[in-house]
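[1] sequence and predicted structure are below.
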Amino acid sequence: MTAVKAIRRFTVRTVVPPELEPLEELAANLRWAWSPETRDVFRAIDPEVWDRVGDDPVRLLGEVSRERLQELAADPGYVDWVRRTRDDLRAYLHRDAWFQRQPDDRPQCIAYFSPEYGIAAALPQYSGGLGILAGDHLKAASDLGVPIVGVGLFYRSGYFHQTLSREGWQLETYPVVDPDGLPVSLLRESSGAPVLISIGFPGGRTLRARIWVARVGRVDLLLLDSDIEENDPIDREVTDRLYGGGGEHRLAQEVLLGIGGVRALRRYCEITGHPAPEVFHSNEGHAGFLGLERMRELVVGGLDFDSALEAVRAGTVFTTHTPVPAGIDRFPRELVERFFGGDNAEPGMPVDRILALGAETYDGGDPGVFNMAVMGLRLAQRANGVSLLHGAVSRGMFAGLWPGFDPDEVLITSITNGVHAPTWVAREVRDLAAREVGPELVEEGRGWEAIGRIPDEAIWPVKRLLREKLVADARSRLRASWRMRGASDAELGWIDSVLDPDILTIGFARRVPSYKRLTLMLRDPDRLRDLLLDPERPVQLVIGGKAHPADDGGKRLIQELVRFADEHDVRHRIVFLPDYDIAMATILYPGCDVWLNNPIRPLEASGTSGMKAALNGALNLSILDGWWDEWYDGENGWAIPTADGVEDAERRDDLEAAALYDLIEREVAPTFYQRGDDGLPHRWIERVRHTLMTLGPKVLASRMVSEYVTRLYEPAARASRRAAADDFALARDLAAWKSRVEQAWHGVAVEHVEASGVGDAPSLGAPLHLRAHVRLGDLAPDDVLVQVVFGRVDAEDRLVTPQYADLRAEEGYDGSRWLFSGDIGLERTGPFGYTVRVLPRHEGMVSPIEMGLLAAPAPLGAPAEPVLR
């Protein structure tokens, strides 16, 4: 018989007795997601229900009986516990933290836009690393007291739940998310009516959205929801699911996120009195349209398009997360034109100018597409990648926007990602460290060296306990998965012996695009089988990961792995656990001894799963990519050698898989199983201790967010204030100046360079005096920066790691010509060369490179001088 399904679902909550009303305040703030003490209060209500609802306070209060709450309300000890916990939350929300000790010109508010947020399993609004990072960003900002407001979308089905078919093929389901059963509330007008924002859409439609507010500690997160009766059926589906639908659906989501997000922010600030954002941070290109809405606001206020662009750029930060062009959202120009032209065109915002912001004008670009990352870079004065290596990769990938400049000069810096330790560090590890170190360990990154005082005999039992918890959780999940695959309980007795808490445990869990190489470990199945079944030093693998619903290639990789893990001789040593999410991760990371990561280098932008594992005492076994490339030190894990220069992908994978097997067999497993007379693996524990002491303070989200504040947010806030001062005088002047410079730049040239001060045999320490004759055309010396670029040169006269020195204007002659001069020192022996270049200069620019204009002698680069002796 087919079950009858409801057409609507909602949560009916128990009325909480007055004595326990603080429980509702605690449940409404997601700080419980990283406060185990708060979760203890809820668990004590009914441990069985607590486990059934997945550690979700809101669902717990909806399912616990009235009688049980009345019983607790009559318990003075419990009532006092609840009130003390509520008082602790209030103290946390209003205390002075790190940010309040920053300079007085710190930003009053930062708006942080992201298409997904991974805050807690109870708020399923994330798919993978981007969302988890955004969630950790907000949590760390809350801990540090940084005044961020998050902006995103409320997806009625979130991301999909993953199950497996009998054949091991990924299946997806999209359970409907009931906002009434979540820790969110509607933003309302003073009348009590829900706040609605609206956006013009193609075809004369108007998209409307309500605004859910999630409290993430002291940070508010605004989530826009289009599933309301005021919308046409097609528009109600805009926020149906994360990363769902085709190109037009995706574009509609990004228009709502960017343009609707700014409008939601304005209403939120009006209603709550919250300071207006001075800085806008776009976490990837999905939210890039936020810049267009801010420009529209300024144009309505009287600025022209170019002045509005400069004012917006000054206060915008853009973070790119992808090291591959295929990971960037690109839409047909005609589709974007439909959203911003015709009936939707705004006065003073010509659609051709909007399209130009996302145009791929560089060599190899497609003139028919609108590139969201390119628009993000053009609308932001400050941009960054998410690791040192990824910053370098991004500078190369987007170098075409700054033609003529070295990739190293491209205006993309890097801030390496971090993870929120209070969320990801197991309670057992936290309690172990707390005996030696205070709360500053995870909140401000101080005190990690004290872990060196924790003895081996205290560390090892904790790691074994965490392996035990992982084994129990894995067995439970594996049993549930096999039931979904059609197996009966009578067939599943073998699961009781799956995994062993005393065996070296390697974890691998992440999204499953091809570059992350889920199945690299299967390149030689016999070699892997030997490692798993080694009679003296066996290894066990716990694996998770989701493929995008439209990625059949990724699904085939999962199926290949599942089929191997299903084989009778190895199924007790390797498991694939479906539906990898926050709840699974919080048990998986702590329970592993080794965290495996084997992407194709350099296609991993950062990767943070290995950071979370490291904070729980796991050692990384990884390709030198992302964050591991900069923080691997030879003692905190192992680096898998890469087959650099091998162009054949199959041979590269064979070589790197063989290197992986060798490391496990010859270094990882022997170190784990080498025991002292007391039965403890002292060499292994020393590596664990070293990892916690050295990586601990580096991988924290608090370190990451503090870097964003000091390196990007504070400078952006100052630039934004300067641009807006005196009725946007600087923004207007900069826009007019840029227009004048662009029109006059064809008349700028370096005509002649003279050098003196060295003889036929230049020697170390000798000064080199340079005189450059420069034609400026219609520009003045104050409009330009004339530099000498110098340093060692290679065999083709290319400058290697060049240095820069400014030349000063000496005198003008022949109308538009000027003499610039200066000195440089010959401080290194070997081949030496120099050239001179002219760049535009203005106080409103973050760098002379900003405009992408350059004049230099042709060919760029002077012939090498004689070798220094």
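    Nice, I can see it.
[2] right, and the helix or strand after whichever helix in the chain runs longest?
    When secondary structure is assigned using DSSP state H, the longest helix within the chain turns out to be helix 714-744. Where DSSP states H and E defines the elements, the next helix or strand beyond helix 714-744 is strand 749-756.
[3] what's the neighbour count on the residue lying closest to Gly128 once chain neighbours are set aside?
    Computed as C-beta to C-beta, 6 or more residues apart in numbering, the closest residue to Gly128 that is not its neighbour in sequence is Arg511, at 4.6 Å. For glycine as for every other residue, the C-beta is placed from the backbone atoms N, C-alpha and C. Neighbouring residues of Arg511 were enumerated by other C-beta atoms under 10 Å; the total is 17.
[4] which parts of the stretch 401-550 of the chain are helices?
    Ranges of helices within the stretch 401-550 of the chain are 421-424, 427-434, 440-443, 456-484, 525-532, based on DSSP state H, counting those that start in this stretch.
[5] tell me which element Leu621 falls in.
    Applying DSSP H and E as the criterion places Leu621 in strand 619-623.
[6] alpha carbons of the helix or strand just after that strand, as CSV, please.
    Once strand 619-623 ends, the next helix or strand along the chain (criterion: DSSP H and E) is helix 626-631. C-alpha atoms of helix 626-631 as CSV (Å, rounded to 0.1, in the frame of the first residue of the first chain):
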residue,chain,number,x,y,z
GLY,A,626,46.3,24.0,-0.9
TRP,A,627,47.1,24.8,2.8
TRP,A,628,49.4,21.7,3.2
ASP,A,629,51.8,23.1,0.6
GLU,A,630,52.7,26.0,2.9
TRP,A,631,52.4,24.3,6.4
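[7] which residues sit against helix 626-631?
    Outside helix 626-631, the residues that touch it by C-beta atoms under 8 Å, 6 or more residues apart in numbering are 387-390, 416-417, 597, 599, 601-602, 604-608, 610-611, 620, 622, 637, 639, 695, 698-699.
[8] in strands, which of those appear?
    Among these, the residues falling in strands (DSSP state E) are 597, 620, 622, 637, 639.
[9] any low-confidence regions in the stretch 1-150 of the chain?
    Per-residue confidence of the stretch 1-150 of the chain (counting by pLDDT under 70) places the weak regions at 1-3, 5-13.
[10] Arg651 and Ala658 touch, don't they?
    No - Arg651 lies out of contact with Ala658 (C-beta atoms under 8 Å); the separation is 10.7 Å.
[11] these two: which is more packed in?
    With neighbours defined as other C-beta under 10 Å, Arg651 and Ala658 compare such that Ala658 has more, 15 against 11.
[12] which SS state does the more buried one fall under?
    Following DSSP: H, G, I helix; E, B strand; the rest coil, Ala658 is assigned to helix.
[13] count the neighbours of Thr239 for me.
    For Thr239, which is what you asked about, the neighbour count (other C-beta under 10 Å) is 26.
[14] residues contacting it?
    For Thr239, the contacting residues are 153-156, 209, 224-227, 253, 256, by C-beta under 8 Å, 6+ apart.
[15] recalculate using a threshold of 6 Å.
    With contacts defined as C-beta atoms under 6 Å, 6 or more residues apart in numbering, Thr239 is in contact with 153-155, 225-226.
[16] one more: Ala805?
    For Ala805, the contacting residues are 788, 822, 824, by C-beta under 6 Å, 6+ apart.
[17] any idea of the angle whichever strand or helix holds it forms with strand 749-756?
    Assignment of secondary structure by DSSP H and E places Ala805 within strand 803-813. Counting by axes from the mean of the first three to the mean of the last three C-alpha atoms, to 10 degrees, strand 803-813 points 110 degrees away from the direction of strand 749-756.
[18] check which residues of the very next helix or strand once past strand 803-813 are buried.
    Scanning forward in sequence from strand 803-813 by DSSP H and E, the next helix or strand is strand 817-825. For strand 817-825, the neighbour count (16 or more other C-beta atoms under 10 Å) marks 817-822, 824 as buried.
[19] quick one: the next helix or strand along the chain from strand 817-825 to chain centroid distance?
    Under the assignment DSSP H and E, the closest C-terminal helix or strand after strand 817-825 is strand 830-840. Averaging C-alpha positions (C-alpha atoms, centre = their mean, to the nearest Å) puts strand 830-840 37 Å from its chain's average.
[20] just to revisit the earlier point, quick one: the buried residues of strand 817-825 as TSV, columns for distance to Arg430 and pLDDT too.
    Converted to TSV, the buried residues of strand 817-825 look like this (distance: C-beta to C-beta, whole Å; pLDDT from 0 to 100):
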residue	distance to Arg430	pLDDT
Arg817	69	96
Trp818	64	97
Leu819	66	97
Phe820	60	97
Ser821	62	96
Gly822	57	95
Ile824	54	92
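[21] out of the residues you listed, who's nearest Thr316?
    Compare each of the buried residues of strand 817-825 with Thr316 using C-beta to C-beta and the shortest gap goes to Phe820, at 33.7 Å.
[22] pLDDT score for the residue nearest to Gly128?
    The model reports Arg511 with a pLDDT of 88.
[23] can I assume it is in contact with Gly129?
    No - when contacts are counted by C-beta atoms under 6 Å, Arg511 is not listed as touching Gly129 (7.1 Å).
[24] what's the end-to-end length of stretch 703-717?
    The distance separating the two terminal residues of stretch 703-717, taken as C-alpha to C-alpha, to the nearest Å, comes to 20 Å.
[25] show me where the stretch 1-150 of the chain has strands.
    Assigned strands in the stretch 1-150 of the chain, in chain order: 110-113, 148-153 (criterion: DSSP state E, counting those that start in this stretch).
[26] which residues sit in contact with the spatially closest residue to Ala701 that is not a sequence neighbour?
    Spatial nearest neighbour of Ala701, chain neighbours left out: Ala140 (3.7 Å); criterion: C-beta to C-beta, 6+ apart. Contact analysis of Ala140 by C-beta under 6 Å, 6+ apart lists 420, 701-702, 705.
[27] make CSV from the residues you listed and add pLDDT, secondary structure and distance to Ala565 to it.
    Shown next, in CSV, are the contacts of Ala140 (pLDDT from 0 to 100; DSSP: H, G, I helix; E, B strand; the rest coil; distance: C-beta to C-beta, whole Å):
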residue, pLDDT, secondary structure, distance to Ala565
His420, 96, coil, 31
Ala701, 96, helix, 33
Ser702, 95, helix, 37
Val705, 98, helix, 38
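[28] export those to a markdown table and tack on neighbour count?
    As requested, the contacts of Ala140 are arranged in a markdown table below (neighbours: other C-beta atoms under 10 Å):
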| residue | neighbour count |
| --- | --- |
| His420 | 30 |
| Ala701 | 29 |
| Ser702 | 27 |
| Val705 | 27 |
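[29] looking at those, spot the one nearest Leu561.
    When these are compared for distance to Leu561 (C-beta to C-beta), His420 wins out at 29.4 Å.
[30] can you read off the pLDDT for Leu868?
    Reading off the per-residue confidence, Leu868 sits at a pLDDT of 32.
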